[in-house]
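Undergrad: I'll drop the sequence and a predicted model, then ask my questions.
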Amino acid sequence: MTGLLSDLKFRIGACVLALALAGGVGVVTKPKAATTRAEGVEEPARTVVNRTALACPVLGAGVKTQSLVSAVAPTLPEDTPTASGDEAPLSIAPLDTTANPVGSVLARGRIATTAPTSKLATLGIQGTGPLAAGTAATVTTTAPEGVNRGMASAPCVVPGSDFWFVGASGATGRRDVLVLTNLDSINAEVDVTLYGPAGQLDAPNARGVVVPARGTTEIYLGQVAAGQRDLALHVESTGGRVAPAVRDNATNGKIPAGVDWLNQSATPAEKVVVPAIAPGGGVRILTVANPTDLQATANLTVNGPNGPFKPAGLSTMQIPAGSVKVIRLEKVLHGDASAVTITSDQPVTASARVTDSTVREFASIGATEPLRGPAYLVIPAHKQPAVLQVTAPGETAGVKFELRDAANKMVQARSVDLVGGATTLITFKPQARPTYLMVEQLRGDIVAGVTLMPPAKPDEDDVPQVAVWPLTTSLVFRAQLGAQPDVGAALK
């Protein structure tokens, strides 16, 4: 017996058998039938989500500024597990625990929208129970004049501990602010690392920043990175969770040149894709950040509507260690809807900035990871068509989408085959009320976003609407740390 116990294979087999018995004899005798999916597509992980928390930041004060939040617990695939119990409402409320809610998500599939208000306050969406799974929300602010003129709209932020933003600035003509929100009941502490054109910045005032419980803290980039035209930010929580957002007010002299939130960028990697670079006139700026200690050589591929191509004179760029680099793309994009794939010998991340033809309103989109399960997005009311831009950066791929109205009625649905390396456009008609979108990868790798651009000849009193909303895999379908191991997998 002693000899058997000293045998490594025997000990491993005994452990597996013990796990199997602990999990039930059915694991051995009646394994679950395999689920068949398209080749190249892994079955997305499904996690029971029984609690939701989203932070919806707001702009600074401005003339005639109006803000609202639209939220939904979306319709999920039939086999998606949800928490047990009654569908308790999800609260939309200011951070102050004594404040009354300003809205509630009451039923799955029905969009809840707060009343437009000039009383600008960060809102949190929180709750437990079955409605928590998949919750998505968008905060939208508009103003017809002043520093907030235009439209600023972005998905509400899930708290976490590690975030990247690319395309910020501390230069004259930009008033960028990192807004840190803490939805929890204990203080959080954050370190912010900044990278500029000449390398990593020495910014001691951005280290050890305390974000009070149920509160916000703002870091003005013009103070911690004065004069730095192009910036990348790495936000890391050293205690507690935060929901960061970068507010960007731009001016041309004394003339407002737009306001929006900078969407997050994917964690640096040797291959990243910036999706949903909107079509039309105006400026298209790509910013690439190399946070490593070595110079990066990056190669660019444009994924246009007709397929991939290398932009002449711009296909290769050198990015010094710890720095950011900017290139203009509007001349090579020719007004086409596109994405940009960046491959590098060092981990990098990136974002793109798009403006309207007058260069008085803008939006940004960060690099995103390929979808590995359904993504959900609430699209606010819009006077112009919104465009779903889906890119297959590699081989041919497939995608399915569903657009539903505020009452959960299907507006548009379709499955689409995607040409490898190309960007495909799907147009949604103007909507007087918010809608919500589900996008799911069927096969191959895809990245996606929704863009909104103003008409070529807007009316004089129109508030310009420029927006880019990223699509990212819902938390319900992401593999979660601490998930229980599959005992049956050891027996296959």
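TA: Yep, it's here.

Undergrad: roughly how far out does stretch 453-472 sit from the chain middle?
TA: 20 Å (C-alpha atoms, centre = their mean, to the nearest Å).

Undergrad: Next, the contact list for residue 292, please.
TA: Taking C-beta atoms under 8 Å, 6 or more residues apart in numbering, we find residue 292 in contact with 268, 321-322, 346-347. C-beta here means a position set from N, CA and C on the backbone, and glycine is covered the same way.

Undergrad: And the helix or strand harbouring residue 232, what's buried?
TA: Per DSSP states H and E, residue 232 falls inside strand 231-239. By neighbour count on 16 or more other C-beta atoms under 10 Å, the buried set for strand 231-239 is 231-235, 237.

Undergrad: who does that strand pair up with?
TA: Take DSSP bridges as the rule and strand 231-239 pairs in its sheet with strand 162-168 (antiparallel), strand 188-196 (antiparallel).

Undergrad: List the contacts of it.
TA: Residues contacting strand 231-239 (C-beta under 8 Å, 6+ apart): 160-170, 176, 178, 180, 187-196, 208, 221, 225, 242, 244, 246, 265, 287, 289, 291, 324, 349.

Undergrad: How far away from the center of its chain is the strand or helix carrying residue 274?
TA: Assessed by DSSP H and E, residue 274 sits inside strand 269-277. Its chain's average C-alpha position is 12 Å from that of strand 269-277, according to C-alpha atoms, centre = their mean.

Undergrad: that older thread, would you check which pair of the buried residues of strand 231-239 lies furthest apart?
TA: 231 and 237 (19.5 Å; C-beta to C-beta).

Undergrad: Show me where the stretch 351-492 of the chain dips below the pLDDT cut-off.
TA: 479-492 (pLDDT under 70).

Undergrad: returning to that earlier point: could you point out which element follows the strand holding residue 274?
TA: Next along from strand 269-277, by DSSP H and E: strand 284-290.

Undergrad: now that following strand and strand 269-277, what's the angle there?
TA: Orientation of strand 284-290 against strand 269-277 (axes from the mean of the first three to the mean of the last three C-alpha atoms, to 10 degrees) gives an angle of 160 degrees.

Undergrad: what helices or strands is the next helix or strand after strand 284-290 leaning on?
TA: Per DSSP H and E, the first helix or strand lying C-terminal to strand 284-290 is strand 296-304. The contact analysis (3 or more C-beta pairs under 8 Å, 6 or more residues apart in numbering; DSSP states H and E) places strand 296-304 against strand 284-290, strand 307-309, strand 316-319, helix 330-333, strand 338-355.

Undergrad: Direction included, what does strand 296-304 pair up with?
TA: Using DSSP bridges, strand 296-304 pairs in its sheet with strand 307-309 (antiparallel), strand 316-319 (antiparallel), strand 338-355 (antiparallel).

Undergrad: which of the residues in the shortest one are buried?
TA: In other words, strand 307-309. For strand 307-309, burial by neighbour count (16+ other C-beta under 10 Å) applies to residue 308.

Undergrad: what does it rub up against?
TA: By C-beta under 8 Å, 6+ apart, strand 307-309 touches 301-302, 341, 419-422.

Undergrad: Got a ChimeraX select line for the buried ones in those?
TA: Applying 16+ other C-beta under 10 Å to those, the buried members can be selected in ChimeraX as follows:
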select :301,302,341,419,421,422
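
Undergrad: okay, the strands paired with strand 296-304, which one's buried deepest?
TA: Stretch with highest mean neighbour count among the strands paired with strand 296-304: strand 338-355 (a mean of 24; mean count of other C-beta atoms under 10 Å).

Undergrad: Which elements pack onto the very next helix or strand once past that one?
TA: Following strand 338-355 in sequence order, the next helix or strand is strand 362-366 (DSSP H and E). Judged by 3+ C-beta pairs under 8 Å, 6+ apart, strand 362-366 is in contact with strand 162-168, strand 243-252, strand 255-262, strand 269-277, strand 338-355, strand 467-470.

Undergrad: do that again at 7 Å, thanks
TA: If contacts are counted by 3 or more C-beta pairs under 7 Å, 6 or more residues apart in numbering; DSSP states H and E, strand 362-366 sits against strand 255-262, strand 269-277, strand 338-355, strand 467-470.

Undergrad: could I get these as TSV with distance to residue 65?
TA: As requested, the helices and strands packed on strand 362-366 are exported to TSV (distance: least, C-beta to C-beta, whole Å):
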stretch	distance to residue 65
strand 255-262	9
strand 269-277	26
strand 338-355	21
strand 467-470	16
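
Undergrad: Setting the sequence-adjacent residues aside, check what's closest to residue 282.
TA: residue 355 (3.9 Å; C-beta to C-beta, 6 or more residues apart in numbering).

Undergrad: so what's that neighbour bridging to?
TA: residue 362.

Undergrad: what's the answer for residue 250, then?
TA: For residue 250, the beta-bridge partners are residue 174 (DSSP bridges).

Undergrad: Could you verify my assumption that it touches residue 173?
TA: Yes - in this structure, residue 250 is within contact of residue 173 by C-beta atoms under 7 Å, at 6.4 Å.

Undergrad: More neighbours: which of those two?
TA: Just comparing residue 250 and residue 173: by other C-beta atoms under 10 Å the higher neighbour count belongs to residue 250, 23 against 12.

Undergrad: so what pLDDT did that one get?
TA: Residue 250 is assigned a predicted lDDT (pLDDT) of 94.

Undergrad: Next one: it from residue 154, what distance?
TA: Counting by C-beta to C-beta, to the nearest Å, the gap from residue 250 to residue 154 is 16 Å.

Undergrad: about what we covered before: turn the strands paired with strand 296-304 into CSV, columns for distance to residue 414.
TA: Shown next, in CSV, are these (distance: least, C-beta to C-beta, whole Å):
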stretch, distance to residue 414
strand 307-309, 21
strand 316-319, 37
strand 338-355, 20
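
Undergrad: Go through the ones you listed and name the closest to residue 403.
TA: Judged by C-beta to C-beta, the one of the strands paired with strand 296-304 that comes nearest to residue 403 is strand 338-355, at 21.0 Å.

Undergrad: CA-only coordinates of that closest one, as PDB, when you get a sec.
TA: Extracted C-alpha coordinates of strand 338-355, given in PDB (Å, rounded to 0.1, in the frame of the first residue of the first chain):
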ATOM      1  CA  SER A 338     -13.300  51.600 -40.500                       C
ATOM      2  CA  ALA A 339     -11.400  49.900 -37.700                       C
ATOM      3  CA  VAL A 340      -7.700  49.800 -37.100                       C
ATOM      4  CA  THR A 341      -5.700  46.700 -36.100                       C
ATOM      5  CA  ILE A 342      -2.400  47.300 -34.400                       C
ATOM      6  CA  THR A 343       0.200  44.500 -34.100                       C
ATOM      7  CA  SER A 344       3.300  45.200 -32.100                       C
ATOM      8  CA  ASP A 345       6.400  43.500 -30.700                       C
ATOM      9  CA  GLN A 346       5.500  45.100 -27.300                       C
ATOM     10  CA  PRO A 347       2.200  45.300 -25.500                       C
ATOM     11  CA  VAL A 348       0.300  48.500 -26.600                       C
ATOM     12  CA  THR A 349      -3.100  50.000 -26.400                       C
ATOM     13  CA  ALA A 350      -4.900  52.700 -28.400                       C
ATOM     14  CA  SER A 351      -7.900  54.900 -29.100                       C
ATOM     15  CA  ALA A 352      -9.300  56.900 -32.000                       C
ATOM     16  CA  ARG A 353     -10.800  60.400 -31.900                       C
ATOM     17  CA  VAL A 354     -13.400  61.400 -34.500                       C
ATOM     18  CA  THR A 355     -15.000  64.800 -35.100                       C
END
